[in-house]
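# A predicted structure for the sequence below; I have some questions about it.
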Amino acid sequence: MKHLPRRLRPLGVFWTVWVPALLACGVPGTATAQEADGLTLRAGYSLQRDDNLFRLPDGVDPQTVLGRPSAAESVGIGTLGMSYAHNYSLQRLELDVSLMDYRYRTYSRLDLLATNYDVTWRWALTPRFRGTLSAERDESVNSFDDTSVLTRGNQRVRRHEGFDALYELDGVWRLVAGIQSTRNQNEQPLVGEDSYVSRSANVGLRFDARSGSSVTARLRNGSGNTTTGATLPAPLRDPDFNQREQVLDIRWLLSEKATADLSLVRIDRTHARLATRDYSGTNSALSLRWAATAKTQWTLQWASDLSSYQTTNASHARTDRITASHVWQIAARTSLQASVSESRRRFLGPPPGQLPDPQRDTTRDASLGLRWNATRNIALNASVQHTQRRSNRPGLEFSSTQAVVGVSVFTNQ
């Protein structure tokens, strides 16, 4: 392995040490890494080919922009991880830690060794008074859909910490409350999307029907600030904000095979210094799941989201998205996944003295994936995804196709 180039040695360790070790200590079992109690070790490697990594607009010559005749790129992604789950009387601990090594064949400046974790303590003082304490870190290479600089790295790190509690008043009514903190950091600025830090607290009431359906109503109050935004002149920026929300979540078991989820969130965001950036509206989401047979499941999702999007001509954006997906268990060890989606985005709330932003974007995605559990400890997967964006603003339209093949190995201890 010492003869490997330095940038490839992490993958050499992966193949020569971890995979043989996992295979040697593997034990028969049918549970997946996510479902099994105890300790689970896993490793994986995938190769991704993207024919338009930087999302160059249609008709642009890559030689002019990138100095190369092609916009395509190959990415090798090696993963090492472990998870642990165990019950301790009324308590339950769930831990997941992983390293992801992104290696780009041509654009090595994007190489990234990402550290991720997800820790959850499902606590309970009594069977009626319980909740969760969680911390999560998700690090990855960001999409280039809306990046403004192609010569820098494109890392995204998201951190989330939360505490929530539930108290059973009787057989069907519950008091719920929680606090959350979220930090989203982009290595380079994205058009209209700043890095931010937010903190919030919520309190509410939940009704759990004996059929399994439920209704939850909550009030949430929070504050935060954006941590980037240098692309905007100071008079058009107000980094601090407060946000109030009224939340209604409904889960309805339509039948033994069908479930519907509805979420309605009334948002009111205000800025102390620059009221022209204030906005309010309703976020809506509807999901229908239908297990047509023991081997097939259909999912239809619709969402309409209002979010901050600060530019010289807009303060927020409305995105409407619809997705249809299907999972088919072809055989005991083979499954097929397919999905199609369309999202439409428009930009609202121009600052005083600025013309409204007429931009309208439509993005369509289609994907097909196949997974084969070759043994109880080894799985192979392959997928292809096509993305196309259309816009009424020149230079923003693009299309890209990604193909991925991978192998994963896991074992339960």
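Perfect, thanks for sending it.

# next one: stretch 47-58 to chain centre, how far?
Mean C-alpha position of stretch 47-58 versus that of the full chain (C-alpha atoms, centre = their mean, to the nearest Å) differs by 20 Å.

# Pull out the buried residues from that stretch.
By 16 or more other C-beta atoms under 10 Å, the buried positions in stretch 47-58 come out as 48-50, 52-56. Backbone N, C-alpha and C define where each C-beta goes, glycine included.

# Look at residue 101 and say how many residues are nearby.
20 (other C-beta atoms under 10 Å).

# State the distance from it to residue 285.
With distances taken as C-beta to C-beta, to the nearest Å, residue 101 is found 34 Å from residue 285.

# One more: residue 79?
30 Å.

# Compare those two (neighbour count), which wins?
Just comparing residue 79 and residue 285: by other C-beta under 10 Å the higher neighbour count belongs to residue 79, 19 against 16.

# Spatially nearest residue to residue 223 (excluding sequence neighbours)?
Excluding its sequence neighbours, the residue lying closest to residue 223 (C-beta to C-beta, 6 or more residues apart in numbering) is residue 242, at 4.9 Å.

# residues in contact with that neighbour?
With contact set as C-beta atoms under 8 Å, 6 or more residues apart in numbering, residue 242 has these partners: 221-223, 269-272.

# quick one on the thing from earlier: just curious, which of the buried residues of stretch 47-58 is nearest to residue 130?
residue 48 (40.8 Å; C-beta to C-beta).

# Does that closest one have any beta-bridge partners, and if so which?
According to DSSP bridges, the residues that bridge with residue 48 are residue 75, residue 404.

# That one contacts residue 401, correct?
No. With contact defined as C-beta atoms under 8 Å, residue 48 does not reach residue 401; the gap is 11.1 Å.

# Tell me what the residue most central in space within the chain is bridged to.
Centroid check for the chain by C-alpha atoms, centre = their mean gives residue 138 as the closest residue, at 8.9 Å. Counting by DSSP bridges, residue 138 is bridged to residue 158.

# pLDDT score assigned to it?
In this model, residue 138 is scored at 96, pLDDT.

# OK, contacts around it?
Per C-beta under 8 Å, 6+ apart, neighbours of residue 138: 116, 157-159.

# Can you say which of these are buried?
So, of the contacts of residue 138, 116, 157, 159 end up buried under the neighbour-count rule (16+ other C-beta under 10 Å).

# Closest to residue 381 out of these?
So of those, ranked by how close each gets to residue 381 (C-beta to C-beta), first place is residue 116, at 19.2 Å.

# what's the distance between that closest one and residue 135?
Taken as C-beta to C-beta, the span from residue 116 to residue 135 is 12 Å.

# How about residue 363?
32 Å.

# Those two - which one has more neighbours?
Set residue 363 next to residue 135 and count neighbours by other C-beta under 10 Å: residue 363 wins out with 18 against 15.

# tell me the average confidence for stretch 247-263?
For stretch 247-263, the mean confidence score works out to 97.

# end-to-end on that stretch?
Using C-alpha to C-alpha, to the nearest Å, the end-to-end distance of stretch 247-263 comes to 7 Å.

# With secondary structure, distance to residue 305 and pLDDT added, can I get the buried residues of stretch 47-58 in CSV?
Shown next, in CSV, are the buried residues of stretch 47-58 (DSSP: H, G, I helix; E, B strand; the rest coil; distance: C-beta to C-beta, whole Å; pLDDT from 0 to 100):
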residue, secondary structure, distance to residue 305, pLDDT
48, strand, 28, 97
49, strand, 31, 97
50, strand, 26, 96
52, coil, 26, 94
53, coil, 27, 93
54, coil, 26, 90
55, coil, 21, 91
56, coil, 27, 92
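
# all helices for this structure, in order.
9-13, 19-25, 62-66 (DSSP state H).

# Let me see the contact set for the residue nearest to residue 205 when sequence neighbours are not counted.
If the residues on either side of it in the chain are set aside, residue 205 comes closest to residue 217, at 5.7 Å by C-beta to C-beta, 6+ apart. Taking C-beta under 8 Å, 6+ apart as the criterion, residue 217 is in contact with 204-206, 246-248.

# Among the residues you listed, give me the pair with the biggest separation.
206 and 246 (14.9 Å).

# Between those two, which is the more surrounded one?
A direct count of neighbours by other C-beta under 10 Å for residue 206 and residue 246 places residue 206 higher, at 18 against 15.

# Mind pulling up the pLDDT for the more buried one?
Predicted confidence (pLDDT) for residue 206: 98.

# for the stretch 101-250 of the chain, what are the low-confidence residue spans?
148-149, 151, 189-192, 228-234 (pLDDT under 70).

# how about the strands in it?
Secondary structure of the stretch 101-250 of the chain (DSSP state E, counting those that start in this stretch): strands at 112-126, 129-141, 155-168, 173-186, 196-208, 214-226, 240-253.

# Which residue, other than its chain neighbours, is closest to residue 177?
Nearest to residue 177 is residue 203, by C-beta to C-beta, 6+ apart, at 4.5 Å.

# Identify the bridge partners of that neighbour.
residue 177, residue 219.

# neighbours around it, how many?
Residue 203: 13 neighbours (other C-beta under 10 Å).

# Show the contacting residues for the closest residue to residue 371 other than its chain neighbours.
Excluding the flanking residues, the one nearest residue 371 by C-beta to C-beta, 6+ apart is residue 381, at 4.6 Å. By C-beta under 8 Å, 6+ apart, the contact set of residue 381 is 46, 369-372, 404-408.
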